[in-house]
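1. fold the following, please.
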Amino acid sequence: MTFPDKTPRGWILLLMLLFLNACDIQQAQLHQQQFLLFGTLVDISLWSDDKQKTENAIAQITTDLEKMHNEWHAWHDSPLTRLNKALAAGQPGTVPPSMIPLLQKSIALSNASDGLFNPAIGRLINLWGFQQDDAPSNTPPDAARIQDLTTAQPKMQDLVLAHDQLTSRNPNVQLDFGAIAKGYAVDLAIEKLRALGIHNAIINAGGNLRAIGKHGDRPWRIGIRNPRGPGVLASIEARGDESMLTSGDYERFFEYQGKRYHHIIDPRTGYPARGFTSVTVIYPDAATADAASTALFVAGPQHWRDIAKKMGLQYIMIVDDKGHVTMTPAMAERVRFELNPAPNFSIVALP
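-> This is a model prediction of the structure:
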């Protein structure tokens, strides 16, 4: 059976245009890219319905991150290694423009943490074998050499920055931004994404993570690594724009006579910090969270609460060397343990 055509020609054209436009509409989806930089795996995840814009954004921030990696590298030839050579010779060194705000923020955060976050101890980090591409040696360095460097007390307060010229009152200062560079780079990458019109994203650089917006109609869910086993210990839903950073003794380490020696060095003793296996901090910006997680790890079981209060932190989760989990009340409200059974934990208020 056929029906007479009573549809006005204008409606036919309108329906055809709507159909063609619908064919051009792209469904929002997850776009991901992974690559190695800063000695770790960098994972970029964007939620967008504009494929071209997304691909362009990923390409641009990848280029930016590669530039930061090359300029801030602590042992390959770089502006940072040349700066360190000048400081060791007692001469002023030129700070490239990209490094000046990183240096200024590092000095401020070192002050806020009572020097427990201390990028000036590059010589100690190198002595322990953690400034190299290969795995570190499986034996600790000579105790006398460690003592010499801790006695010299290199610290960020030894530095004087005038315009782009940096001098040091202490020739033992050697800068290594390993405890803040990834977080700071993630902050800059998120700022770039926003400028490019991307408002739903997550960037993770080896546990240095910042999330903005959502994953479609739900929040980004972030996993916290199990420091002594496979899989995820716990998960947290991000709230709009947040950074979550974890410092752990499992990234770079070696074992000697049944003892683990890792890359988070206590500047007071010259040895790897003891008492914790991981420290997770949530904070608005990733650079502060990065430095803070290191400072709390170094502060150890006796002093982490005082440092947390001084640095203005609220969301903290710590796993000690016996597997016990300690959380601040604010963090406990948000954590969902993924292990079955859940680990033993306690909730401790800050002073």
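2. Glu242: neighbour count?
-> Using other Cβ atoms under 10 Å, Glu242 has 22 neighbouring residues. Heads up, the C-betas are built off the backbone N, CA and C, glycines and all.
3. doesn't it lie inside a helix?
-> No - the assignment for Glu242 is strand, going by DSSP: H, G, I helix; E, B strand; the rest coil, so no helix is present there.
4. quick check: it touching Pro284?
-> Yes - using Cβ atoms under 8 Å, Glu242 is in contact with Pro284, at 6.7 Å.
5. all the helices of the chain, in order from the start?
-> Taking DSSP state H as the criterion, the chain carries its helices at 9-24, 51-71, 79-88, 100-112, 122-127, 143-152, 181-195, 286-310, 329-332.
6. tell me the domain boundaries of the protein?
-> Domain ranges of the chain: 79-168, 219-351, per automatic domain parsing.
7. got TSV for these, with mean pLDDT and distance to Gly183 too?
-> Formatted as TSV, the domains of the chain follow (pLDDT from 0 to 100; distance: least, Cβ to Cβ, whole Å):
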stretch	mean pLDDT	distance to Gly183
domain 79-168	96	10
domain 219-351	97	3
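8. Val42 is nearest to which of these?
-> Proximity to Val42 (Cβ to Cβ) singles out domain 219-351 among these, at 12.6 Å.
9. ends of that closest one, how far apart?
-> Taking Cα to Cα, to the nearest Å, the first and last residues of domain 219-351 lie 31 Å apart.
10. over to stretch 232-249?
-> 16 Å.
11. give me the distance from it to the chain's centre.
-> Per Cα atoms, centre = their mean, to the nearest Å, the displacement of stretch 232-249 from the mean C-alpha position of its chain is 10 Å.
12. wait, isn't Tyr241 in contact with Ile202?
-> One thing to correct before we go on: residue 241 is Asp, not Tyr. No - with contact defined as Cβ under 8 Å, Asp241 does not count as touching Ile202 (10.8 Å).
13. give me the common contacts of these two.
-> Each of 210-212 lies in contact with both Asp241 and Ile202 under the rule Cβ atoms under 8 Å, 6 or more residues apart in numbering.
14. between Asp241 and Ile202, which is the more surrounded one?
-> The residue with more neighbours, out of Asp241 and Ile202, is Ile202; 24 against 14, by other Cβ under 10 Å.
15. ok, now which ones touch the closest residue to that one other than its chain neighbours?
-> Nearest residue to Ile202, sequence neighbours excluded (Cβ to Cβ, 6 or more residues apart in numbering): Ala211, at 4.2 Å. By Cβ under 8 Å, 6+ apart, the contact set of Ala211 is 201-202, 220, 222, 238, 241-244.
16. same thing with Leu196?
-> 53, 56-57, 60.
17. now the closest residue to Ser106 other than its chain neighbours: how far from Asn84?
-> Of all residues not flanking Ser106 in the chain, Pro119 sits nearest, at 5.0 Å (Cβ to Cβ, 6+ apart). Computed as Cβ to Cβ, to the nearest Å, the Pro119 to Asn84 distance reads 11 Å.
18. can you work out which residues contact both of those two?
-> Shared contacts of Pro119 and Asn84, counting by Cβ under 8 Å, 6+ apart, come down to Leu175.
19. please identify which of these two sits among more neighbours.
-> Ranked by neighbour count (other Cβ under 10 Å), Pro119 and Asn84 place Pro119 first, with 29 against 22.
20. report pLDDT for Arg9.
-> Here, the pLDDT recorded for Arg9 equals 44.
21. next up, the contacts around the residue at minimal distance from the centre of the chain.
-> Centroid-nearest residue in the chain: Asn208, 2.5 Å away (criterion: Cα atoms, centre = their mean). Applying Cβ under 8 Å, 6+ apart to Asn208 gives the contacts 182-183, 186, 243, 245, 286, 289-290.
22. for those, which one is nearest Asn111?
-> Nearest to Asn111 among the contacts of Asn208: Asp290, at 16.0 Å, using Cβ to Cβ.
23. was I right about that closest one contacting Ala185?
-> No - the pair Asp290 / Ala185 is not scored as a contact, 9.7 Å apart, by Cβ under 8 Å.
24. looking at these two, which is more packed in?
-> Neighbours were counted for Asp290 and for Ala185 using other Cβ under 10 Å; Asp290 has more, 33 against 28.
25. quick check: the gap between the more buried one and Ile202.
-> Counting by Cβ to Cβ, the separation of Asp290 from Ile202 is 16 Å.
26. one more: Pro329?
-> According to Cβ to Cβ, Pro329 and Ile202 sit 26 Å apart.
27. again with Val232
-> 15 Å.
28. with Asp266 instead?
-> 32 Å.
29. kindly report the same for Ser113.
-> Counting by Cβ to Cβ - Ser113 and Ile202 are separated by 26 Å.
30. ditto for Glu191
-> 15 Å.
31. same deal with Leu175?
-> For Leu175, the distance to Ile202 - Cβ to Cβ - is 29 Å.
32. cool, His303 as well?
-> Taking Cβ to Cβ, one finds His303 at 32 Å from Ile202.
33. kindly report the same for Ala179.
-> 22 Å.
34. got it, and Asp133?
-> Per Cβ to Cβ, Asp133 is found 27 Å from Ile202.
35. give me phi/psi at Asp217?
-> phi -100, psi 10 (degrees, to the nearest 10).
36. show the pLDDT at it.
-> On the pLDDT scale, Asp217 gets 92.
37. for Met16, same thing?
-> Value listed for Met16 in the pLDDT field: 41.
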